[in-house]
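A.B. asks: sequence first, predicted coordinates after that:
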Amino acid sequence: MIKNHIKIAWRNLLKNKGFSAINIIGLAIGMAAVLLIALWVQNQFLYDNFYNNKKDIYKLWNHYSKDGQTNVHDITAGAAANTIKEIYPEVEYAARMYWSSNSLLTYGEKSLKTRGNEVDADFLQIFDFPVASGDIRHALAGQKNIVLTVQLAKSLFEDEDPLEKTVILDNDESYRVAAVLADLPSYTDFDFSYLVPLQDKAYGTNWNTNTYYTYIGLRPGTDINSFNKKIEPIVRNNASDLKFNSVFLYPISKMHLYSRFENGVPVGGKIEQVRLVAGIGLLILCIACINFINLSTARSQKRAKEVGVRKVVGARKSNLISQFLTESVLLSVIAGITAIGLSCIALPLFNQVLDKPLSFDMVTPLIFGGMFIFMLCTGLLAGIYPAFVLSAFQPVKTIKGLTKKNKNSFSLREVLVVLQFGIAIVLIIATLIVRMQINYASERNAGYNPSQLIEIPVEGDMNKNYEAIKAELLNSGAVKDVTRTGWSITKNASVSNGNFSWEGATPEQTQNTSFVLGRAESDFIKTVGLTLVDGRDLDYARLPADSASVLLNEAAIKTMGLENPVGKYFKRGGNTYTIVGVFKNYINDSPYEDIAPMAIFPSKNWMLNMVIRTSERYSMQKNLQTMETIIKKFNPAYPFSYSFVDEEYAKKFHDQRQMASLSFIFSMLAIAISCLGLFGLASYIAETRTKEIGIRKVLGASVWGISGMLSKDFVKLMILAILLASPIAWWVMNKWLEDFSYRIAISWWVFVAAGAAAIAIALFTVSTQAIKAARANPVDSLRDE
């Protein structure tokens, strides 16, 4: 029976090539979109979920109070890891990680810049990264050991065995290669090519300064809620300055998708984007299935006599249903195979948009089985309603040709068309609003001019020779201004909360106010191009007293409630500073958020970047060549590296631009599939009204009059789809915009533009068939059969 069903299904597909092609192409595009999205969703859920003991791995977080709200951050005190491990038997391992840094690794004559971390020895006990070679359990036991990834080892040693080889880090200390890890997968938030033992810095045992990421490996079976209650007061019990802080453990497996907190409680994060993209994929598949249902039910009259004859000769309803479902599943399988091909073709572009090395491996039994089930379910979903409709025809009426359009069936078809285009319109509106939000934020005044501004990492001998480098750069004519900073000006510097005071500060302000803290040298405001509102720039080089000065932004002055702030004191812990200048707010964190209070302290220590404003007199290429020559003269061991501040600032929009690209791609797919179905439906309706069109032409109807008659019903459906889709799109996008403090107000014209675009596309699609039908010779349509 199954063989017979498949044979008949195949004949029907060949008999109705146009109908079959439209359905296969529509379903294939929808299925390909779902496959690509599923690859990305799977990648997101795998993030740091591949460790064997993932249920017992946690990251230590801080709770702190500010303005009556509980906030969190994951930078913790240096003393926390060892103290927690020593006091609580539930803890098996504890490890700190110092922030990633780009360092120089040298072996023989070969030198490479690469990213690495300092970690405690327990780090590789907590995280069981795949090992390529070496004894991983003791790899970080020696203070002069280093662990490399396979890619870095190959780059340094080529075909040599890297174990026991000696490399030099930052042209200073020698390290022995103790182990080699497999390259990190794309689904981890760790980003390192080497690991070295953590050198216990001065603040390594300090409770009053948050410096490290801290990871905890609990013993199996530990109740995390009970344990969090135990460790909650550990900071308050040990710190003298952070009495209002508390700590808690958060699962490493949830860090990537659930990292957004409100009032100290996890409320979401990237999981919202994952759900949104997954939902879009399912909606596109839904549109493709609607195409199949509409076209199948529209063709019901053509198959009515077939159903009648089958019933007369003894076919039961169940036989007919299984026959029609077989046709649907066969079509779905063909579409699925086509979808796999489309996915493979589109995957490089998809990877480029997402900046992810996703791959599609059909050889894996799980993937192969999943694809087969996916095809089967899609075929059943698309075909189940048409199967029941077609199998319900009465044989007497169908054989006599008395079957007419069922009003209810046509109404359902209208509902499905409205639903189909409603989904497409929601996606168009979402794409427009995402684009508008990105443009709104990108046009926001950054507070400085990033053009001609370059950051160069301070490394090797650059700090020691800074004054000489600065003098030669300024004398070269390639550079206008130079300063040094302790952070990248396009990123947030360290955030410190509490333990600040100033003239008129209340106890609550002293305890709860947070500041973004930065270190800078002379000419900071001048070089970056900030606007000075009051006072002057830092002048550490010429005014030694400036070692006790501070610059504040407008947000800080507003939060503090100070009037005429220049010359007044500002205390941080036991240190007192004099406010020498106030500068206009500038964006150093997210361009979508409010600007936080910021304090810039003068310093010559722990400087990480040189900030250089280049001259417009020469080309940027010539300026860079001049800078490279001068810097290599004083720092010959290191390659010359730099970054353009305007390019780094543009990276702040990466996630939203990625979302906009995905929205655009999938909204275009939705429109394409919808139009494909509309094209098929219009073709069939024109075909069924051939005689009516012929009679109207004989009676004098014009081509445009007939085209309008065939198109007006579809226009009504489009208007209804716009009316239903607009409030849904407004609600969804308002919820999305709530995540941004700096956001647009949704304008009415967005809905008008999306609706007009949908109507224009639908009219163009329908009109091609309507005009074709209207231009046909009426003699051919009225000729007796």
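C.D. replies: Nice, thanks for sending it over.

A.B. asks: report the distance from stretch 75-89 to the chain centre.
C.D. replies: Centroid separation between stretch 75-89 and its chain, computed with CA atoms, centre = their mean, to the nearest Å, is 33 Å.

A.B. asks: residue 81 touches residue 96, doesn't it?
C.D. replies: Yes. Counting by CB atoms under 8 Å, residue 96 is a contact partner of residue 81 at 4.9 Å. C-betas here are computed from N, CA, C, even on glycine.

A.B. asks: find the residues that touch each one of these two.
C.D. replies: 120, 212, 214 (CB atoms under 8 Å, 6 or more residues apart in numbering).

A.B. asks: return the closest of the residues you listed with respect to residue 250.
C.D. replies: Distance to residue 250, by CB to CB, is smallest for residue 214 among these, at 11.1 Å.

A.B. asks: what's opposite that closest one in the beta bridge?
C.D. replies: Assessed by DSSP bridges, residue 214 has beta-bridge partners residue 96.

A.B. asks: now it: how far from residue 95?
C.D. replies: 7 Å (CB to CB, to the nearest Å).

A.B. asks: can you pick out the residue with more neighbours from the two?
C.D. replies: It is residue 214, of residue 214 and residue 95, that has more neighbours when counted by other CB atoms under 10 Å, with 27 against 24.

A.B. asks: so for that one, what's the pLDDT?
C.D. replies: Predicted confidence (pLDDT) for residue 214: 94.

A.B. asks: residue contacts, it?
C.D. replies: 59-60, 76, 80-81, 94-97.

A.B. asks: who touches both of residue 214 and residue 95?
C.D. replies: With CB under 8 Å, 6+ apart, residue 214 and residue 95 have common neighbours residue 81.

A.B. asks: how many residues are close by residue 206?
C.D. replies: Neighbours of residue 206 using other CB under 10 Å come to 16.

A.B. asks: for it, give me phi and psi.
C.D. replies: Reported as degrees, to the nearest 10, the phi and psi values for residue 206 are phi -90, psi 130.

A.B. asks: same question for the one 4 residues further on.
C.D. replies: Main-chain dihedrals, residue 210, degrees, to the nearest 10: phi -90, psi 120.

A.B. asks: tell me which stretches of the stretch 451-600 of the chain form helices.
C.D. replies: 466-476, 507-512, 524-528, 554-560 (DSSP state H, counting those that start in this stretch).

A.B. asks: tabulate those helices (JSON lines), appending mean pLDDT and mean neighbour count.
C.D. replies: Formatted as JSON lines, those follow (pLDDT from 0 to 100; neighbours: other CB atoms under 10 Å):
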{"stretch": "helix 466-476", "mean pLDDT": "93", "mean neighbour count": "16"}
{"stretch": "helix 507-512", "mean pLDDT": "77", "mean neighbour count": "14"}
{"stretch": "helix 524-528", "mean pLDDT": "93", "mean neighbour count": "23"}
{"stretch": "helix 554-560", "mean pLDDT": "92", "mean neighbour count": "19"}
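
A.B. asks: can you redo these as CSV with distance to residue 38?
C.D. replies: Listed next are these as CSV, based on distance: least, CB to CB, whole Å:
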stretch, distance to residue 38
helix 466-476, 52
helix 507-512, 45
helix 524-528, 45
helix 554-560, 43
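
A.B. asks: and residue 642, which of those is closest to it?
C.D. replies: helix 466-476 (12.5 Å).

A.B. asks: quick one: the closest one to chain centroid distance?
C.D. replies: That offset, for helix 466-476, works out to 41 Å (CA atoms, centre = their mean).

A.B. asks: and that helix, what does it pack against?
C.D. replies: Helices and strands in packing contact with helix 466-476 are listed as strand 479-485, strand 609-614, helix 620-634; criterion 3 or more CB pairs under 8 Å, 6 or more residues apart in numbering; DSSP states H and E.

A.B. asks: contacts for stretch 149-156, please.
C.D. replies: Residues from elsewhere that reach stretch 149-156 (CB under 8 Å, 6+ apart): 105, 107, 110, 112, 114, 132, 148, 162, 167, 177, 180-184, 192-194.
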